[in-house]
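J.: What would the 3D arrangement of this be:
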Amino acid sequence: MAPGEPGSELNGSLAASIDSHPARYHTSAFSDTAGPKTMSNSTHSFQPDERNASILININGELVPRDQAVVSVFDSGFILGDGIWEGLRAHHGTIPFLDQHLKRLWEGAKALDLDMGMTQQALKDRLYATLEANDMHEDVHIRMMVSRGVKSTPYQDPAVTISGPTIVIIPEYKNPDPALAATGIRLYTVYVRRGYADVQDPRINSHSKLNCIFGCIQAKKAGYDEALMLDPHGHVATCNSTHFFIVRDGEVWTSSGDYCLDGITRRNIINLCKRNDIPVFEKNFSLMQCYGAQEAFVTGTFAGLTPVTEIDGRSIGEGKGRGTMTERLQQLYLQLIEDECGAG
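T.: Numbers count the residues shown, from 1 in each chain. Got it, this is the predicted structure:
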């Protein structure tokens, strides 16, 4: 991507660290017998960055070197996936949309009857202290995870939890693949559905992501980049790790939101459309309407807006990459981040 092309400001050199400790950090997502490599094509594709081998990870307020960062085998998150999380970015030394992320985190904690044990301001301070300790300012992705805490025995009842929550903050130098902002990804509609709230509410950003993992596996086995998931009624809901939009006749459509997380980037894009007189609708629509769309794209905190060029073997629009609406929204979103970080 040439300097000044939409997406280039946020998509600099890519990152994920692990060169220095291959036995400890490399997984099939990062390496093979030939050494480190990029992940298979997806909105979460990145390349290794050696700086990540020496990062400090924050565990319950204590900064720990990466190779010493561990949690108990009795932790609720490990035993049961009992927890919530947020993915964040650092840009110009600032974490954009942090208040929105923390509001969602606290709502998830309330739903799980999980006492965070600290205020939102205290957690903000901890996040920025972690960045400062690592001297990180730009091109940083943060995974913040909160579990219910350590249990006295492996059992689901919260009553056997014997500690406060486990709060882990992992900052890494990691940028999305800059090429994807223009060339896009391919989606495959999978069998696993986004379910009803009385089974597992898809609006909660929980550690329990098995249905999304099933979807991801099926899409990859079929040779595609990410999974497109339907709701119980056959309407399009979301992707396994991003939110999905289509463009039809100058209108931007996304799902009703009944069967997906209210993503921070998703909501920002909807609001940007409204502020810029772009017709936008949260509604039910079918796969047939996706196949006939002029454009499609996905959104997420990590990569922002990424075009979709193909769904289930059907080319979207001209199938050549980013459409004009997607490009416009990318530019508007980049400016929103700059404004949010006081750099506009």
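
J.: Going by residue numbers, what spans are helices in the stretch 1-150 of the chain?
T.: Using DSSP state H, counting those that start in this stretch, the helices found in the stretch 1-150 of the chain span residues 22-25, 76-80, 98-111, 120-133.

J.: helices or strands up against the last one?
T.: Helix 120-133 is packed against strand 56-59, helix 98-111, strand 140-147, strand 166-173, with contacts defined by 3 or more C-beta pairs under 8 Å, 6 or more residues apart in numbering; DSSP states H and E. Placement of C-beta: from N, CA and C, glycine included.

J.: average pLDDT across the third one?
T.: Confidence over strand 140-147, taken as the mean pLDDT, stands at 98.

J.: could you give the angle of that strand to helix 120-133?
T.: Computed with axes from the mean of the first three to the mean of the last three C-alpha atoms, to 10 degrees, the direction of strand 140-147 lies at 130 degrees from that of helix 120-133.

J.: Tell me which helix or strand in this protein has the weakest average pLDDT.
T.: Ranked by mean pLDDT, DSSP states H and E, the helix or strand of the chain with the weakest confidence is helix 22-25, at a mean of 32.

J.: if you compare the helices of the stretch 1-150 of the chain, which one is most tucked away?
T.: Greatest average neighbour count among the helices of the stretch 1-150 of the chain goes to helix 76-80 (a mean of 20), per mean count of other C-beta atoms under 10 Å.

J.: Show the contacting residues for Phe244.
T.: Contact partners of Phe244, counting by C-beta atoms under 8 Å, 6 or more residues apart in numbering, are Leu187, Leu228, Val236, Ala237, Thr238, Thr254, Ser255, Ala296, Val298, Val308.

J.: In the beta-sheet assignment, what are the partners of it?
T.: The residues paired with Phe244 through beta bridges, assigned by DSSP bridges, are Val298.

J.: What distance do you get for it to Gln156?
T.: Shown here: Phe244 relative to Gln156, a distance of 32 Å by C-beta to C-beta, to the nearest Å.

J.: I'd like to know how many residues surround Ser208.
T.: Neighbour count of Ser208, defined by other C-beta atoms under 10 Å: 14.

J.: how much space between the closest residue to it other than its chain neighbours and Ser206?
T.: Nearest residue to Ser208 in three dimensions, chain neighbours excluded: Gly81, at 4.0 Å (C-beta to C-beta, 6 or more residues apart in numbering). For Gly81, the distance to Ser206 (C-beta to C-beta) stands at 7 Å.

J.: And the two? Which one has more around it.
T.: Between Gly81 and Ser206, counted using other C-beta under 10 Å, the more crowded position is Ser206 (18 against 13).

J.: Nearest residue to the more buried one in space, please, no chain neighbours.
T.: In this structure, Ser206 finds its nearest non-sequential neighbour in Ile84, 5.6 Å apart by C-beta to C-beta, 6+ apart.
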